[in-house]
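Asker: I'll drop the sequence and a predicted model, then ask my questions.
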Amino acid sequence: QAQVVESGGGSVQAGDSLRLSCTASGRAFTTYGMGWFRQAPGKEREFVGGIRWTSGSTLYADSVKGRFSISGAKNGHFYLQMNSLKPEDTAIYYCAADSRIRGGVPASAIDYQYWGQGTQVTVSS
């Protein structure tokens, strides 16, 4: 049974930093990539960033490029460093695992098979 768990959310002021952690585990559970998504109230879930372990490639949404960075290892520990946070970054952040072999970093939620429960990030102005 695959399990994905996020942690590290909280309430911060604009301009602050926060680091989210994600752990993917489970028997016979191989991840080839991980992704971070977020969903703000009344909005669709959107891609934040992702990484492929096989190539080390990363991909970021334009809205977070230069402020957020992803790191991690194939052992299932995965991080989202968020700097210069803005009120519009307020959302529930989800970690997701992709167990399929593919060429690039998928930005669509349907390409990730395992999801965490989410962690709330609130940024005040």
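Answerer: Thanks, I have the structure now.
Asker: and the nearest residue to residue 80 once chain neighbours are set aside, backbone torsions?
Answerer: Leaving out its chain neighbours, the residue that sits closest to residue 80 by C-beta to C-beta, 6 or more residues apart in numbering is residue 20, at 4.3 Å. C-beta coordinates here come from the backbone N, C-alpha and C atoms, glycine included. Dihedral pair for residue 20: phi -100, psi 140, per degrees, to the nearest 10.
Asker: mind checking the SS state of the residue nearest to the spatial centre of the chain?
Answerer: Nearest to the mean C-alpha position of the chain, by C-alpha atoms, centre = their mean, lies residue 36 at 1.8 Å. Secondary structure, DSSP: H, G, I helix; E, B strand; the rest coil: residue 36 is strand.
Asker: that one pairs with what?
Answerer: Beta bridges link residue 36 to residue 49, residue 95 when assigned by DSSP bridges.
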